[in-house]
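S.K.: I'd like to go over a predicted model; first the sequence, then the structure.
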Amino acid sequence: MSGTARHDPEAYKNPGFWCKTTFIQLGYGIWVNLSAMGIGLAFGFPAVMVPQLFRPDSDIHPSLIEESWIASVLSLSAPFGCLISGLLSDRFGRSKLLFLSEGPMSVGWLYTGFAKTPVDIVIGRLITGIGCGMAMSCPRIYLTEMSLPNMRAVTGAFPTLGVSCGITIEAGLGAYFHWTILCYIGGIFSIILLLTNYFLPESPYYTLLKDSEENARKTLMKFRSKKHDIDSEMADMLRFKRSHKLYKLSLLEMMKSVVKPYAYRPFFMVLGYFALTQFSGIYVVVMWAVVMLQQSKSTVEANFGNVLLGVTRVVAGVVVAVILFKAKRRPMALISAAGEGIVCISIGLYIHWSPGPTLFPQLCYMSYIVLATIGYGTLPFMLMGEAYPLQIRGMLVGVSLSVFNLFMFFTNFIFVYETKYLGFANTMIMFGIVSLVSFVILYIFLLETKELTLVQIEEYFRQEHPVLPFRMKPEMLVGTTGKEAETK
């Protein structure tokens, strides 16, 4: 280790991409986000199962209300899993919850596979949803806490990419296999993850919070190469812990911390972002993709079109993960909001005025997926892991994802009724208008966190730093606490 690196507190934050430390973080990112891939399998399941249930040769024939429950119940039960995971991950650790979340996932998939009635399917999906909720928060927290600032955006995009891969795989398998076979595949995959996640090390920030400095250092070394400046990074973490007197909170203390400005300010910012994404239809397109393609006057066969959307989602996820290594969050969020608004309105107007089927709807939906991946599907989750305070990060992430899933349940449940009473074209135009409104809201309120460490971001919210969030620079917070920050 060079002397320069040892004496420069910034040296450890941006070691570059082509180094062993970066590849170690990438390796853990892939491992952890196999759980996100499992969530993607569950999310993509209704899009291929519901059309199969309405075939003449199907053994199960759901009613309209049962169809809505089958497509949306996962989002209704997932909040319970998010709350369980959020509370327990702050008590017992991130890695343990990554392990435990695969239990209900396995049971839910297998129960659904053996279903004989629509009610059985709903129950199976409900159990799967609890597991999905448990698996949603931990990968994001884990990756945030083990990543360096220059890699946090890249690994932060991995959960979205993992979900995208799962949705794409499910779409591809659904074009060839019966939905019961898909359930058995999902169950086996979850059992494999249950076994492998047992060996994940704990995150270094959580270890520092609940354990000794020595064990935190040992944990941190698992995520860094031998040439990495461990001393500087540990010094930064210890300074933050001591200056704010951080320790593992009791449940009552966690509840009291929620009403502090450094907790509720980022919390409401993230919740607002989630609301905007859901009511612009982003996950409606995921869960109703085949049905939407069938109603959009597209010349592309709906199941094949769904596979193309999945491939687009994966490719866009990879590209976004690369772009985020350099790009700022705010421009990507604004491009996403404005672009999705234009695309949705274009689809609605096309359906109203087009004389016949063309390739245009398929291209629009593929553009929609790209734009969603750039911002709506990636950034609010990343911001959640970055902005929430360390001591109650797990709990706030769990609560946030619970609300996110309730939004998703509501928007998917009412989609059938929106298209019935408003018409499909007008529903798409409504999604577009919501997205354009979100552009204005995000421009005003969205925080820029690129290149800031987790310590700097939390100190920003703790100190009420008198600078607009999107103009905040790393140098404004480095080495400052309390009154020092105010004087600067």
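M.R.: Nice, I can see it.
S.K.: what about Ala289, distance to Met366?
M.R.: To Met366, Ala289 is 11 Å away according to CB to CB, to the nearest Å. For the C-beta atoms, the positions are set from N, CA and C on the backbone; glycine is no exception.
S.K.: quick one: which of the two has more around it?
M.R.: Ala289 (25 against 20; other CB atoms under 10 Å).
S.K.: How confident is the prediction for the more buried one, by pLDDT?
M.R.: With respect to pLDDT, Ala289 has a value of 78.
S.K.: circling back: determine the residues that are contacts of both of Ala289 and Met366.
M.R.: Common neighbours of Ala289 and Met366, using CB atoms under 8 Å, 6 or more residues apart in numbering, are Leu309.
S.K.: In contact with Ile181, which residues are there?
M.R.: Contacts of Ile181 by CB under 8 Å, 6+ apart are 113, 173.
S.K.: where's whichever strand or helix holds it relative to the chain centroid, distance-wise?
M.R.: Taking DSSP states H and E as the criterion, the element that holds Ile181 is helix 179-196. Relative to the centre of its chain, helix 179-196 is centred 21 Å away, using CA atoms, centre = their mean, to the nearest Å.
S.K.: so for that helix, what's the average pLDDT?
M.R.: Averaging pLDDT along helix 179-196 yields 94.
S.K.: For it, which residues meet the burial criterion?
M.R.: For helix 179-196, burial by neighbour count (16 or more other CB atoms under 10 Å) applies to 179, 182-183, 185-187, 189-191, 193-194.
S.K.: which residues touch the helix or strand just after it?
M.R.: Heading C-terminal from helix 179-196, the first helix or strand you meet, by DSSP H and E, is helix 204-210. Helix 204-210 is touched from outside by 93-94, 145-146, 215-216, 219-220, 223, 237-238, 241, 246-248, 390-391, 454, with contacts defined as CB under 8 Å, 6+ apart.
S.K.: Can you select the buried ones among those residues for me in PyMOL?
M.R.: To isolate in PyMOL the members of the contacts of helix 204-210 that are buried, counting by 16+ other CB under 10 Å, one can use:
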select buried, resi 93+94+145+146+216+219+220+223+237+241+246+390+391+454
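S.K.: and the spatially most central residue of the chain, what does it touch?
M.R.: For the chain, the residue nearest the mean C-alpha position is Phe381 (4.5 Å; CA atoms, centre = their mean). Residues in contact with Phe381 (CB under 8 Å, 6+ apart) are 140, 156, 159-160.
S.K.: Top of those by number of neighbours, please.
M.R.: Highest neighbour count within these: Pro159, with 31 neighbours (other CB under 10 Å).
S.K.: tally of neighbours for Ser89?
M.R.: 28.
S.K.: roughly how far apart are it and Asn150?
M.R.: Counting by CB to CB - Ser89 and Asn150 are separated by 25 Å.
S.K.: any idea of the angle the helix or strand hosting Val154 forms with helix 179-196?
M.R.: For Val154, the host element (DSSP H and E) is helix 149-174. Between the axes of helix 149-174 and helix 179-196, defined by axes from the mean of the first three to the mean of the last three CA atoms, to 10 degrees, the angle is 150 degrees.
S.K.: per-domain residue ranges of this protein.
M.R.: If you go by automatic domain parsing, the domain ranges for the chain are 18-224+253-445, 454-483.
S.K.: Can you pull the poorly scored residue ranges out of the stretch 151-300 of the chain?
M.R.: Residue ranges of the stretch 151-300 of the chain with pLDDT under 70: 153, 243-251, 253-254.
S.K.: pLDDT score assigned to the residue nearest to the centre of the chain?
M.R.: As predicted, Phe381 sits at a pLDDT of 81.
S.K.: With the one 10 residues further on instead?
M.R.: Looking at Gln391, its pLDDT reads 72.
S.K.: Start and end of stretch 47-61, how far apart?
M.R.: 16 Å (CA to CA, to the nearest Å).
S.K.: contact partners of it?
M.R.: With contact meaning CB under 8 Å, 6+ apart, stretch 47-61 is reached by 62, 67, 70-71, 115-118, 121, 167, 170-171, 173-175, 178-179, 182, 286-291, 302-303, 306.
S.K.: likewise stretch 122-132?
M.R.: 38-39, 42-43, 45, 66, 69-70, 73-78, 80-81, 84, 101-113, 115, 183, 186, 190, 405.
S.K.: Over to stretch 191-200?
M.R.: Residues contacting stretch 191-200 (CB under 8 Å, 6+ apart): 28, 31-32, 34-35, 38, 95, 98-99, 102-103, 105-106, 142.
S.K.: if you set the cut-off to 6 Å instead, what comes out?
M.R.: Outside stretch 191-200, the residues that touch it by CB atoms under 6 Å, 6 or more residues apart in numbering are 34, 95, 98-99, 102, 106.
S.K.: circling back: buried subset of the contacts of stretch 47-61, written for ChimeraX?
M.R.: To isolate the buried ones among the contacts of stretch 47-61 in ChimeraX, judged by 16+ other CB under 10 Å, type:
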select :62,67,70,71,115,118,121,167,170,171,173,174,179,182,286,287,288,289,290,291,302,303,306
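S.K.: quick one on the thing from earlier: could you dump the contacts of Phe381 into TSV and include distance to Lys256?
M.R.: Listed next are those as TSV, based on distance: CB to CB, whole Å:
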residue	distance to Lys256
Arg140	24
Gly156	29
Pro159	30
Thr160	33
